[in-house]
Every structure is written in C-alpha cells, then in structure tokens.
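*Asks:* Dropping a prediction and its sequence here:
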Amino acid sequence: MLQPGYDGQPRLVGIVNITEDSFSDGGRYLAADNAISHAHRLHAGGADIIELGPASSHPDAAKVTPEQEIARLAPVLDALADLPLAVDSYHPATQRYAAEHGATYLNDIQGFPDPSRYDELAAMTCQLVVMHSVQRLGPATKVRTEPQTIWPAIEQFFDARVTALESAGLARDRLILDPGLGYFLGSTPEPSLTVLANLSRLKSRYDLPVLVSPSRKSFLRTLTNTALSDIGPATLAAELHATTQGADYIRTHDPAALSTALIVHTTLTNGAECLSTKR
C-alpha cells in the first residue's frame, strides 16, 4: 500500500464522479465505460490513487441509495482492480461492498460516526479517511460558520473520533484525517482559508496523515470571483499551499496539472536548499 510522503511529495488522489449531479462534472462519468476511461487518464496523468464517488455530497445533491451506489461501483471496481482504489461513501453497505471488492481506501464524509461498526472496521485492512464537517451527518449544507470557531471544533471532533476508533481496536496507522473544506465547513471562504493555513498544526497535533481536497471548491470560486470553468489556477494555488503545509494526500480533479506543478515546486525547493547549504 502506498504510504504518504515517502519521496517528500503528497499522494495524488484522482476523482472519478460516477454520478448524475456532481458540481464539477455531473453526468460525464456516470456510464461505467466513461468512468473507467477517465480513471485510466487520471492515473496516467499522475494520480497515485483513484477515488470512485457513486453519489454527490454538495448541498443540492440528489439522494442515492446504497443499492444504487453499489450498482454504479460494481463494473468500475472490477475493471480497475489493478489500480489503488478509494471509494467515497458514508453508507455502511457501500463501504462493505467496496472493501470486499478491492478498495484500499474508504472515504467517509461523516467520519465513521457509528461505534457499533467499529469492530467491523477494525477487522478490515483498508485505510480510513476520517473527515470532519460542521454537518456531522449527511451531505454538505449551506450554513454560515464563524471562522474562529472552526479550529476548536476540528480538534474536538478528531480528539473524540480518533480515540474512539483506536479504543475499538482500529490500528492508528490506518487512519487519515480530512478536516473538510468548502460547504463542509461553511458557506463563506473564511473557514476553509483558516483550515488551509493551519494544516501543519493538524499534522503536529495528531501525528497522522492529512488529506485535503480544495479542488474546484466553492470557497475558491467565491474568493476569486471565478467561474467553475476557470477555477484551475486557483485550485492549483491552494493545492501547492497544502503541499507546503505538509498535506500527505491531495484529492484533485486534475492530477496531471498538480503533478507537473509539483515537479517544478520540488525542484525549486530542493535547489534553494542546496544553494543555501553551499553558502
């Protein structure tokens, strides 16, 4: 299994939305053949992990049953069995199916909230992406959050959730923390900007890998007054900043752009370090 940061760079998680209503590419990859082709493109472009999302989680997303999620995932999981795969779902039945059919990561926007499942989760081998959100349960909603309240809430959430999972026997090295961004934190940019500015603080507090997903998020579009079709540069800037803060995984719609930017960023960073040691 890929471990974060073994070469000083984050693992890139390429997003494949097998949905009708994703905010970024709704319907484009709903057909299994399209999803499979897109996954291979993302992998060729630099994605270390392919994340399959069988339902959207933005505030206006349609409800999708676990049975529908599994029907969307089944042919794609089978066809991509040779790639490291993550599945983004908070439904236990979907998570169970994904773990049994080759997923090496489970990404739960609710942060695995049900203690009655912890024995089952402990018996699995896949990594768990434990996400914080102000909603706690269900998809994102549009709520106004005061930015100064975000960090204490994040620490309170992870203090309790990490302790509960470990106490149930889940190995600590299987946990990845996602503080949430965009509507998962609030309806204005400030809470997301606060989180991105403090990622290194999150890493030092828990000594666990951190995943972030600023890609094409609403807070970047609001901050820059930019349409979704033109949000690539703002996304890349946020992703590179997350790298400087020590993010171990970056979940992105465009791993090719980020992979290329990381080559330059790393080369310049290492070059600056070499020059400084020669003075």
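*Replies:* Right, received. Where do you want to start?
*Asks:* Count the neighbours of residue 269 for me.
*Replies:* 14 (other C-beta atoms under 10 Å). All C-beta spots, glycine's among them, are computed from the backbone N, C-alpha and C.
*Asks:* In terms of pLDDT, where does it sit?
*Replies:* Here the pLDDT value assigned to residue 269 is 83.
*Asks:* do you know how far it is from residue 30?
*Replies:* Using C-beta to C-beta, to the nearest Å, we find residue 269 at a distance of 40 Å from residue 30.
*Asks:* Regarding residue 41, which helix or strand does it belong to?
*Replies:* helix 32-44 (DSSP states H and E).
*Asks:* Now that helix: average pLDDT?
*Replies:* Computed over helix 32-44, the average pLDDT equals 96.
*Asks:* quick one: buried residues of it?
*Replies:* By 16 or more other C-beta atoms under 10 Å, the buried positions in helix 32-44 come out as 32, 35-36, 38-40, 42-43.
*Asks:* ditto for stretch 41-59
*Replies:* So stretch 41-59, judged by 16+ other C-beta under 10 Å, has buried residues 42-43, 45-59.
*Asks:* what does stretch 165-181 contact?
*Replies:* 105, 107, 109, 112, 115, 118-119, 121-122, 125-134, 154, 158, 162, 185, 192, 195-196, 199, 202, 206, 208-214, 217, 219, 248-249 (C-beta atoms under 8 Å, 6 or more residues apart in numbering).
*Asks:* Name only those of those residues that count as buried.
*Replies:* Using 16+ other C-beta under 10 Å, the buried ones in the contacts of stretch 165-181 are 105, 107, 109, 112, 118, 121, 126-134, 154, 158, 162, 185, 192, 195-196, 199, 202, 206, 208-214, 217, 219, 248-249.
*Asks:* and those, which of them are in helices?
*Replies:* In helices, defined here by DSSP state H, the members of the buried ones among the contacts of stretch 165-181 are 118, 121, 154, 158, 162, 192, 195-196, 199, 202, 206, 219.
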